[in-house]
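# Sequence first, then the predicted structure, then my questions.
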Amino acid sequence: MFFGGNPFHGGMPGGIPGGSGRGATRSDVDTTKLYETLGVDKDASKKDIRKAYMKLSRTHHPDKGGDEHKFKEISAAYEILSDDDKRAQYDKYGLDGVSGDDVGAAGGEDLFSMFFGGGGRSRRNSGPRKGPSVNHPMKVSLEDLYNGKTVKLAVNRKVIQGTPVECTRCKGQGAIVEVRQMGPGMITQMQRQCDQCGGQGQQCTFKSERKILEVHVDKGMCEGDKITFGGMSDEVPKMEPGDINFIVQEKEHELFKRKGADLLVVKEVSLNQALCGFTWKIKHLDGRVLVIKSRPGEVIKPEMNTKEALPFVKVLPDEGMPSKGNPFVRGNMYVMFRVEFPDDNELPSNVIDQLRSLLPEPDVPEEYDPDEVEVVHLNPADLRSFGKGGANQSSNEAHDEDEDGGGRPVQCQQS
């Protein structure tokens, strides 16, 4: 695995070089914002800080109609200033010194965005950035998604060998600035990625490391689910290693179709089976053999008894997929039936006479005089051809095009 660096890692010329910001104290660090949030002086005691926090939290608590964002600011400021170590870091380095710590009162928000509205600051200063993650597709059978499975996979990753050193060409910026003269009295500055360090700001050597990962496929996982191994991607200077993600890709099954936790299977039955009953043996995903039988007198119909022409479907409760995170709750198995009718001229006349006498609602012959009516027969057809009949269909379509402006204009010839 190889990843290119960020060509603008060091920022624009004159900006702050990349890094955590926890070196020597800088004169431009704001170390008063948290005290101002609580309305106390910088030399306030812990008792005064707690007193101010209790007063403000009662006023701005969301349950009492207060501003939720303001309440988060107050809580974060108190959590930092009430801790001696965090307060000392803040007094020396500002939010740079504490933004990488576990400040739970911030409610998951970035401290810089919380107190400064996201302007002029970057999350880059809150700690080391995370390197790029790598996604690997992993094809999994429906049986393994039903039962769960652990597989061992080998991955190769690059790890830093030795200690990285600062790039001498860009001085750790990751980018270099080139000044070009465009004309008399006109110059331009262009920033580009440092070609010596690849935009990392540091130079180092890598070695290949082979890792064996145990990838556990949970029961009920779906297409697109991720199995993540944190920090197992390639190492990058001045960054935390990214993650390796295995993306589940569900293999097509020869019998079952899946949607969520439900399974669908299609069963073709003859007209005899649809009317007189059927017995069907299938092998489930966990190896069990199920024998599905129709109830005595049950009729399988070509379509459901609804206004819409829906396929005839039956359900087997709790025989679907395990639910992800709760494998003891399973979906259902739906069986969609397709009734196969006999082909033309397949039934002999004696069989037709027997069926007519046995089946309900036989055809009642119509009375008519052959000399006065016309007897016709039906031919096979496709409903997609409905509306396309008639000799004038092509001319009608051309007329429609003319109305829509799609036809050619007619020009008048002058003599």
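It's in. Numbering: from 1, shown residues only.
# quick check: domain ranges of the chain?
Listed by automatic domain parsing, the domain ranges of the chain are 33-127, 134-250, 253-408.
# Which of these comes out lowest on mean pLDDT?
The stretch with the lowest mean pLDDT among those is domain 33-127, at a mean of 75.
# any idea how far it is from the chain center?
Averaging C-alpha positions (C-alpha atoms, centre = their mean, to the nearest Å) puts domain 33-127 34 Å from its chain's average.
# Same check on stretch 372-386?
Distance, centroid of stretch 372-386 to centroid of chain: 51 Å (C-alpha atoms, centre = their mean).
# where along the stretch 101-250 of the chain do the strands fall?
129-130, 134-140, 149-166, 175-183, 186-193, 202-217, 226-229, 239-240, 244-250 (DSSP state E, counting those that start in this stretch).
# now these in JSON lines, with distance to residue 302 and mean neighbour count?
In this view, the C-beta of every residue, glycine as well, is placed from N, C-alpha and C. As requested, the strands of the stretch 101-250 of the chain are exported to JSON lines (distance: least, C-beta to C-beta, whole Å; neighbours: other C-beta atoms under 10 Å):
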{"stretch": "strand 129-130", "distance to residue 302": "58", "mean neighbour count": "16"}
{"stretch": "strand 134-140", "distance to residue 302": "36", "mean neighbour count": "14"}
{"stretch": "strand 149-166", "distance to residue 302": "40", "mean neighbour count": "13"}
{"stretch": "strand 175-183", "distance to residue 302": "70", "mean neighbour count": "12"}
{"stretch": "strand 186-193", "distance to residue 302": "67", "mean neighbour count": "12"}
{"stretch": "strand 202-217", "distance to residue 302": "40", "mean neighbour count": "13"}
{"stretch": "strand 226-229", "distance to residue 302": "43", "mean neighbour count": "15"}
{"stretch": "strand 239-240", "distance to residue 302": "61", "mean neighbour count": "18"}
{"stretch": "strand 244-250", "distance to residue 302": "31", "mean neighbour count": "18"}
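# Using a markdown table, please lay out those together with distance to residue 308.
Conversion of the strands of the stretch 101-250 of the chain to a markdown table gives the following (distance: least, C-beta to C-beta, whole Å):
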| stretch | distance to residue 308 |
| --- | --- |
| strand 129-130 | 51 |
| strand 134-140 | 35 |
| strand 149-166 | 40 |
| strand 175-183 | 63 |
| strand 186-193 | 60 |
| strand 202-217 | 38 |
| strand 226-229 | 38 |
| strand 239-240 | 55 |
| strand 244-250 | 29 |
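# Can you tell me which of the ones you listed is nearest to residue 289?
With C-beta to C-beta as the measure, strand 149-166 is the member of the strands of the stretch 101-250 of the chain nearest residue 289 (21.4 Å).
# So in that sheet, which strands flank the closest one, and in what orientation?
Taking DSSP bridges as the criterion, strand 149-166 pairs within the sheet with strand 202-217 (antiparallel).
# Pull out the CA atoms of the partner strand and give them to me as PDB.
Extracted as PDB, the C-alpha positions of strand 202-217 are listed here (Å, rounded to 0.1, in the frame of the first residue of the first chain):
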ATOM      1  CA  GLN A 202       9.800  14.600   6.900                       C
ATOM      2  CA  GLN A 203      12.000  12.000   5.300                       C
ATOM      3  CA  CYS A 204      12.200   8.400   6.400                       C
ATOM      4  CA  THR A 205      12.700   4.800   5.200                       C
ATOM      5  CA  PHE A 206      10.000   2.200   5.200                       C
ATOM      6  CA  LYS A 207       9.900  -1.600   5.600                       C
ATOM      7  CA  SER A 208       7.200  -4.000   4.600                       C
ATOM      8  CA  GLU A 209       5.300  -5.700   7.400                       C
ATOM      9  CA  ARG A 210       3.100  -8.700   7.000                       C
ATOM     10  CA  LYS A 211       0.100  -9.000   9.300                       C
ATOM     11  CA  ILE A 212      -2.400 -11.800   9.800                       C
ATOM     12  CA  LEU A 213      -5.800 -10.400  10.700                       C
ATOM     13  CA  GLU A 214      -8.700 -12.400  12.000                       C
ATOM     14  CA  VAL A 215     -11.800 -11.000  10.300                       C
ATOM     15  CA  HIS A 216     -15.000 -11.900  12.100                       C
ATOM     16  CA  VAL A 217     -18.200 -11.900  10.000                       C
END
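# Need the contact partners of it.
With C-beta atoms under 8 Å, 6 or more residues apart in numbering as the test, strand 202-217 has contacts from 138, 140, 144-145, 148-167, 172, 196-197, 227, 229, 232, 235, 237-238, 244, 246, 248.
# angle of that strand against strand 244-250?
40 degrees (axes from the mean of the first three to the mean of the last three C-alpha atoms, to 10 degrees).
# Ignoring the adjacent residues along the chain, who's closest to residue 138?
residue 246 (4.5 Å; C-beta to C-beta, 6 or more residues apart in numbering).
# in the sheet, who's paired with the one you found?
With DSSP bridges as the rule, residue 246 is bridged to residue 136, residue 227.
# Spit out the contact partners of the residue most central in space within the chain.
For the chain, residue 224 is the residue whose C-alpha lies nearest the centre (C-alpha atoms, centre = their mean; 6.6 Å). Applying C-beta under 8 Å, 6+ apart to residue 224 gives the contacts 247-248.
# Repeat the analysis, applying 10 Å as the threshold.
247-250 (C-beta atoms under 10 Å, 6 or more residues apart in numbering).
# go on, residue 62?
So residue 62 contacts 68-72 (C-beta under 10 Å, 6+ apart).
# Output these in a markdown table; the columns should cover neighbour count and distance to residue 366.
Shown next, in a markdown table, are the contacts of residue 62 (neighbours: other C-beta atoms under 10 Å; distance: C-beta to C-beta, whole Å):
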| residue | neighbour count | distance to residue 366 |
| --- | --- | --- |
| 68 | 12 | 79 |
| 69 | 13 | 81 |
| 70 | 15 | 85 |
| 71 | 20 | 84 |
| 72 | 18 | 83 |
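# of those residues, closest to residue 271?
residue 68 (66.6 Å).
# The residue nearest to the closest one when sequence neighbours are not counted and residue 247, how far apart?
Nearest residue to residue 68 in three dimensions, chain neighbours excluded: residue 62, at 4.5 Å (C-beta to C-beta, 6+ apart). Going from residue 62 to residue 247 by C-beta to C-beta, to the nearest Å gives 39 Å.
# just residue 373 next, same as before
Taking C-beta to C-beta, one finds residue 373 at 68 Å from residue 247.
# I appreciate the help and will end here.
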